[in-house]
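> sequence and predicted model, in that order:
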Amino acid sequence: FKAVEESIGFHDLNSKINDQMRLWFVEEGQRGVKKLEESGEDVSENVDFAGLCHQLGSMLKDLGELNEALEYYEKALVIRQKVLGDDHPQTASTFSNMATVFMDQGDYAKALEYYKKALMIYQKVYGDDHSDTATALNNMANVFQKQVDYMMALEYYYKALEIQKNVLGDDH
C-alpha cells in the first residue's frame, strides 16, 4: 500500500482504473450496437436499444467524444420519438443531453433550442412545479451565462430557484 501511495496514490489509481472501465464499457457497447444493426434485426422501434444508445451517448460525452456522442443520442432520439412520442420524458432527456453536447461544442443557439424542447415536454408532462422543469430552466440559464447574457441567465436561474423552493421547500 505504501508503494502505491508514494507513487501514484490511491485516488489517482482509482481514477485511472475507472477511466479504463468506462472506455471498456463504451467499446463493448459500440460493438453491441454495431452487431445489432448489422444483424438485420429491426431495432427501429426497440426502446431498449434506444436506451443503450442514449447511455453510450452519455458515456462518450463524458469521455469528450462529442460528435460520436451526438450520433448515439440521435439514434436514441429517433426511436424514442417514434415509439414513445414527442412528449415523453425520455425524449426530453435525450433532447437535454444533446443540448449539453451542443453547449460543450460552443453551439449555444442549438443548445438553447434543444433545452427549450426538453423544457416544453417537462412542462407539458409534469407542469411548471417539477424538478425536471427547474433543471431545464437552470440548464438554459447556464447557456445564457456562457453567452454573457447575464440578465437572461439571472431570469432563468430565478425561475428555476422558485420552482425548486416550491418543490423542495425553503429548508432544503
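Looks like it arrived, so ask away.
> can you pull the buried residues of the longest helix along the chain?
In the chain, with assignment by DSSP state H, the single longest helix is helix 10-38. Neighbour-count burial for helix 10-38 flags Val26, Gly29, Val33 (criterion: 16 or more other C-beta atoms under 10 Å). For every residue, glycine as well, the C-beta is placed using N, CA and C.
> quick check: which element contains Tyr156?
Using DSSP states H and E, Tyr156 sits within helix 150-168.
> kindly report the same for Lys75.
helix 66-83.
> and the angle from that helix to helix 10-38?
50 degrees (axes from the mean of the first three to the mean of the last three C-alpha atoms, to 10 degrees).
> show the average pLDDT along helix 66-83.
Averaged across helix 66-83, pLDDT comes to 98.
> please, which helix or strand holds the residue most central in space within the chain?
Nearest to the geometric centre of the chain sits Asn97, at 2.6 Å (C-alpha atoms, centre = their mean). Assessed by DSSP H and E, Asn97 sits inside helix 89-104.
> pull out the buried positions in that helix.
Result for helix 89-104 [16+ other C-beta under 10 Å]: buried residues 90-103.
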